[in-house]
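Novice: Here's a sequence, model it:
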Amino acid sequence: MHNSTVSKDGVVSDGGVSRVDCHVKVLDDSVVDRARSAGFDAIVYAPHFTRLPDVRRRAEAYSSDELLVVPAREVFTGPWHDRKHVLALGLEEPVPDFITLEAAMAEFERQDAAVLVPHPEFASVSLSADDVRQYAESIDALEIFNPKHLPSHNRRARELADELEVPPFASSYAHLPRTVGISHTEFDADVETEADLLEALKNGASRRVVHRNGLERAMTTALELAHLGYENTWKKADRLFLSGTEPTHPRHIAYDGRFDDVSVY
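Specialist: So this is what the prediction gives:
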């Protein structure tokens with residue numbers, strides 16, 4: 001295991017230690033079993049293209065006294081070919097995909113959500129360094145490790161977090177159940193509820209980024225990157241979004257026209 005300690009303002013919590021996988025895309029019995037085996041206290045569940053009420057229902061169904069499942073939305077801002085992902089926790093109202101980054105950040109601020117930057121500067125799916133600089137005051141944490149990254153991506157993300165003094169986090173970013181357990185964030189705080197995790201993130205609780213190294217990590221990276229290849233096909237995007245019927249399309253009837261003026265499709 002690799003372990004790196006990071007504190008904000010040098011303050012260490014008097015509470016307990018909680019292990020959290022801050023971003024998984026899949027949720028079933030095998031994911032829960034792997035998270036429990038890894039000693040996790042919580043996982044953050046943010047599936048693609050799923051509306052917030054549905055995410056909340058599934059998260060609640062898999063939560064238990066042994067493992068908290070926190071619902072979240074990874075919102076795809078901008079057009080498909082230049083989309084910028086932002087992870088939001090604590091939303092009370094749904095936010096669609098494929099609206100402008102400016103509109104998404106304004107909506108997160110309005111709802112007082114915890115705003116996390118997953119995989120910065122990674123492929124064509126991420127906030128750039130300039131984006132992070134622009135919104136640094138609104139960002140609660142920046143991801144400095146996930147197994148989909150190559151080592152250079154992790155180094156660059158860590159440099160960016162250090163430069164802007166944004167608290168870090170790690171996740172498995174698991175699109176495949178077997179990835180859960182590879183990496184997580186260890187908070188010096190008790191995380192027993194969704195509100196506890198929001199407080200730890202928004203108040204910059206002291207934390208450690210923990211991940212495995214060696215062959216298992218290398219195999220996980222290879223499998224996750226292969227899965228990424230499918231996800232990033234334009235054919236899939238065309239099928240899902242240009243019709244406007246996808247549940248998280250900004251012009252879907254569920255959003256009652258609120259985001260029509262900031263939709264990119």
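Novice: neighbours around Pro177, how many?
Specialist: 20 (other CB atoms under 10 Å). Just so you know, the C-beta spots here come from the backbone N, C-alpha and C atoms, and that holds for glycine as well.
Novice: these two touch, right, it and Asp28?
Specialist: Yes. Using CB atoms under 8 Å, Pro177 is in contact with Asp28, at 6.7 Å.
Novice: Following element in sequence after the helix or strand in which Val75 is found, please.
Specialist: Secondary structure assigned from DSSP states H and E places Val75 in strand 68-77. Downstream of strand 68-77, the first helix or strand assigned by DSSP H and E is strand 84-89.
Novice: which helices and strands sit right next to that following strand?
Specialist: Contact partners of strand 84-89 among helices and strands, from 3 or more CB pairs under 8 Å, 6 or more residues apart in numbering; DSSP states H and E: strand 68-77, helix 101-110, strand 114-117, helix 194-202.
Novice: need the ones you listed in a markdown table with mean neighbour count, mean pLDDT and distance to Val132, can you?
Specialist: Listed next are those as a markdown table, based on neighbours: other CB atoms under 10 Å; pLDDT from 0 to 100; distance: least, CB to CB, whole Å:
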| stretch | mean neighbour count | mean pLDDT | distance to Val132 |
| --- | --- | --- | --- |
| strand 68-77 | 24 | 97 | 13 |
| helix 101-110 | 18 | 98 | 11 |
| strand 114-117 | 25 | 98 | 6 |
| helix 194-202 | 20 | 98 | 16 |
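Novice: Let's have the ones you listed in CSV, adding distance to Arg258.
Specialist: CSV is the format used below for the helices and strands packed on strand 84-89 (distance: least, CB to CB, whole Å):
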stretch, distance to Arg258
strand 68-77, 14
helix 101-110, 9
strand 114-117, 20
helix 194-202, 24
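Novice: closest one to His211 among these?
Specialist: Closest of the helices and strands packed on strand 84-89 to His211 is strand 114-117, at 16.9 Å (criterion: CB to CB).
Novice: Just checking: what are the partner strands of that closest one?
Specialist: Partners of strand 114-117 in the sheet, by DSSP bridges, are strand 84-89 (antiparallel), strand 141-145 (parallel).
Novice: Buried deepest among those strands, which one?
Specialist: When you average the neighbours per residue for each of those (mean count of other CB atoms under 10 Å), strand 141-145 leads with a mean of 27.
Novice: which one is Arg133 nearest to, not counting chain neighbours?
Specialist: Leu164 (6.5 Å; CB to CB, 6 or more residues apart in numbering).
Novice: ok, the one you found - contacts?
Specialist: Residues in contact with Leu164 (CB atoms under 8 Å, 6 or more residues apart in numbering) are Val132, Arg133, Ala136, Leu142.
Novice: returning to that earlier point: tell me which of the strands paired with strand 114-117 lies nearest to Val262.
Specialist: strand 84-89 (13.8 Å).
Novice: Measure how that closest one sits relative to helix 194-202, angle-wise.
Specialist: Per axes from the mean of the first three to the mean of the last three CA atoms, to 10 degrees, the angle that strand 84-89 makes with helix 194-202 is 130 degrees.
Novice: Can you give me the distance of Pro118 to Asp82?
Specialist: Distance, Pro118 to Asp82, by CB to CB, to the nearest Å: 16 Å.
Novice: Is it correct that Leu67 is in contact with Ala42?
Specialist: Yes. Taking contacts as CB under 8 Å, Leu67 lies within contact range of Ala42: 6.9 Å.
Novice: neighbour count winner among those two?
Specialist: The neighbour comparison of Leu67 against Ala42 (other CB under 10 Å) goes to Ala42, with 25 against 16.
Novice: Now that one: closest residue in space, sequence neighbours ignored.
Specialist: The nearest residue in space to Ala42 (CB to CB, 6+ apart) is Leu68, at 4.0 Å.
Novice: Next, the contact list for Ala38, please.
Specialist: Going by CB under 8 Å, 6+ apart, the list of residues near Ala38 reads Arg19, Asp21, Val180, Gly181, His184.
Novice: Can you pull the phi/psi pair for it?
Specialist: Main-chain torsions, Ala38, degrees, to the nearest 10: phi -80, psi 0.
Novice: now do the one 3 residues further on
Specialist: Here is the backbone geometry of Asp41 (degrees, to the nearest 10): phi -90, psi -30.
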